[in-house]
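J.: quick one, what's the 3D model for this:
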Amino acid sequence: MKYAIAKRYKCIDAHNHVWGRNGRLDTAEAENVLKAADLVGIDRICVSVPLTHDCPTPEEVRRNNDIAIEAMKFSKRFLGFCFVNPGYAREATAEIERCVVEHGMVGVKLYHQYFISDPAQRPVMEKAAELGIPVLMHAGKVTDPMTRAAQPRLSAAEHFLQALKMFPDTMLIQGHIGGGGDWEWNLRGLESISGNNYYIDLSGSVVDAGIARRTLDTVGEDRVLFATDMSYEEGVGKVIDAGFSERQLVKIFSGNMEKILARRKK
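T.: Residues are numbered from 1 along each chain as shown. This is a model prediction of the structure:
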């Protein structure tokens, strides 16, 4: 493919998914993810199986994480992120322990059940810091009434700024700057970002002119992660079109994520 990512970057997709069918990994769909990754030059893929309704039970959470564990066994290219519902604090921390320590997952995935700055997140955040793994949070600044009603606790820039103060030892990844909504508003809120524990991924289907470049210019080249969230061509195109330097491409495609993965405590 003309615009595939060069193999020398050993690209890591920091935000993607696999899904289940009848309670097990949908292996056909997982194979398609790997084929798509091959076509655009992605080496390893961080995957989770989140639940999007208001209050997933511990049993639902465990079943979905078992699908991610299946994916990791299906291919070593899949790096699992453990989805949890912080509303069940004891069960959530035990599930992170199971997924990371027993099964080798490399991160935590949160959806919109709680803002990332909600005090209910503390046990999850402290467990992630203890294990040296990042927390990837579904995020955005939506403006249409329907989506706002469906996701009333969707985290945006101001919530991440608060969370960095509340949980200073935890690595936070703001998900999909290109996931929709007012991404420019999000970036304006991040102009004061500081510290070594904040990252943002470039995933999402939005390919507005300048989105990748403006993200890097706002938060700095050491905080930007390549990701697709299943929008493969868009994910690659917005980075290739941004005019980044070779040093910046190395960091975005794999270097920054490799540093995150290296902080995992064995």
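J.: use CA for all of it now, contacts and neighbours both
T.: Fine.
J.: now residue 20. Its backbone dihedrals?
T.: When read as degrees, to the nearest 10, the backbone of residue 20 gives phi -110, psi 160.
J.: please apply the same query to residue 224.
T.: The phi/psi pair for residue 224 (degrees, to the nearest 10) is phi -100, psi 130.
J.: what's near enough to touch the nearest residue to it once chain neighbours are set aside?
T.: Distances taken as CA to CA, 6 or more residues apart in numbering put residue 200 closest to residue 224, at 5.3 Å, once the chain neighbours are dropped. With contacts defined as CA atoms under 8 Å, 6 or more residues apart in numbering, residue 200 is in contact with 173-177, 223-225.
J.: need these in TSV (columns: pLDDT and secondary structure).
T.: Shown next, in TSV, are the contacts of residue 200 (pLDDT from 0 to 100; DSSP: H, G, I helix; E, B strand; the rest coil):
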residue	pLDDT	secondary structure
173	98	strand
174	98	strand
175	98	coil
176	98	coil
177	97	coil
223	98	coil
224	98	strand
225	98	strand
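J.: which one of the residues you listed sits closest to residue 48?
T.: Within those, proximity to residue 48 (CA to CA) peaks at residue 175, which comes in at 12.6 Å.
J.: and that closest one, how many neighbours?
T.: Neighbour count for residue 175, taken as other CA atoms under 10 Å: 29.
J.: how close does it sit to residue 76?
T.: 23 Å (CA to CA, to the nearest Å).
J.: try residue 179
T.: For residue 179, the distance to residue 76 - CA to CA - is 27 Å.
J.: can you give me the helices in this protein?
T.: Taking DSSP state H to define them, one finds helices in the chain at 27-40, 58-74, 89-97, 122-131, 145-150, 157-166, 183-189, 211-219, 232-240, 246-250, 256-262.
J.: nearest to residue 103, out of these?
T.: Here helix 58-74 is closest among those (CA to CA), at 6.9 Å.
J.: okay, buried residues for the closest one please.
T.: Neighbour-count burial for helix 58-74, counted by 16 or more other CA atoms under 10 Å, picks out 58, 61-62, 64-72.
J.: cool, and stretch 15-28?
T.: Buried residues in stretch 15-28 (16+ other CA under 10 Å): 15-20, 25-27.
J.: hmm, residue 171 and residue 129 touching each other?
T.: Yes - the pair residue 129 and residue 171 qualifies as a contact (CA atoms under 8 Å) at a distance of 7.3 Å.
J.: ok, back up a step: which of the helices of the chain has the lowest average pLDDT?
T.: Note on these: lowest mean pLDDT is at helix 145-150, with a mean of 90.
J.: for residue 138, give me its contacts.
T.: Contacts of residue 138 (CA under 8 Å, 6+ apart): 109-112, 154-155, 174-176.
J.: for the residue lying closest to residue 240 once chain neighbours are set aside, give its distance to residue 266.
T.: Nearest residue to residue 240 in three dimensions, chain neighbours excluded: residue 3, at 7.8 Å (CA to CA, 6+ apart). Counting by CA to CA, the gap from residue 3 to residue 266 is 37 Å.
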